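A.B. asks: Structure here, sequence nowhere to be found:
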């Protein structure tokens, strides 16, 4: 759960910050594209690790870390979208994908308003990387998308029901559970 998210987040965030520190002074104009390419590499390594037969995570925590590494404002907006969607629907997968969409829209708006962190000469390259990352995340969530469409995606904090549709008290069903 949360511990895994923190570990995945830190994996990408620390790597991106090392890139910023190592190349920020020498190649200042290339820092953001380097961080973006490095973050894409971390996401690919996380999602398709060779040592696990190319079956890894879905990359959401790494994307969150990458966003935070280059523009915390975008990440805050994405997290607000994620929290609102999950609070309203209880679908983490839907919240993750819509937060990614909000990230792309926010970056476009920031670019139009002239407050983007992307260097002018690398804006197209950075947007291309974001689109690639977005496609990877949607691809990783394809089974979730199918379940969302079918109406049987898992919800967080969902109460389990028996065959008749009645809520089941899971604690009461466990052997040795104290009775109330």
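C.D. replies: Yep, that arrived. A quick note: this is a predicted structure, and the numbers were derived from the prediction, not measured.
A.B. asks: So the residue nearest the centre of the chain versus residue 94, what's the distance?
C.D. replies: Among the residues of the chain, the one closest to the centroid is residue 60, at 2.3 Å (Cα atoms, centre = their mean). Using Cβ to Cβ, to the nearest Å, residue 60 is found at 12 Å from residue 94. In this view, the C-beta of every residue, glycine as well, is placed from N, C-alpha and C.
A.B. asks: what do you get for residue 56?
C.D. replies: Residue 56 sits 21 Å away from residue 94, going by Cβ to Cβ.
A.B. asks: With residue 1 instead?
C.D. replies: According to Cβ to Cβ, residue 1 and residue 94 sit 18 Å apart.
A.B. asks: residue ranges with poor pLDDT in this structure?
C.D. replies: Counting by pLDDT under 70, the low-confidence segments of the chain come to 158-180.
A.B. asks: could you pull out the helices for it?
C.D. replies: 2-23, 31-47, 60-70, 72-89, 92-113, 123-140, 142-150, 170-173 (DSSP state H).
A.B. asks: Single out the most deeply packed of those helices.
C.D. replies: Stretch with highest mean neighbour count among the helices of the chain: helix 60-70 (a mean of 24; mean count of other Cβ atoms under 10 Å).
A.B. asks: That one vs helix 123-140, what angle?
C.D. replies: In terms of direction (axes from the mean of the first three to the mean of the last three Cα atoms, to 10 degrees), helix 60-70 departs from helix 123-140 by 160 degrees.
A.B. asks: Helix 60-70 relative to helix 72-89, how many degrees between them?
C.D. replies: 150 degrees.
A.B. asks: Helix 60-70 packs against which elements?
C.D. replies: Applying 3 or more Cβ pairs under 8 Å, 6 or more residues apart in numbering; DSSP states H and E, we find helix 60-70 packed against helix 2-23, helix 31-47, helix 72-89, helix 92-113, helix 123-140.
A.B. asks: Indicate which one of the ones you listed is closest to residue 154.
C.D. replies: Of all the helices and strands packed on helix 60-70, the one in closest proximity to residue 154, counting by Cβ to Cβ, is helix 92-113 (8.2 Å).
A.B. asks: to the chain's geometric centre, what's the distance from the closest one?
C.D. replies: Helix 92-113 has its C-alpha centroid displaced from the chain centroid by 11 Å (Cα atoms, centre = their mean, to the nearest Å).
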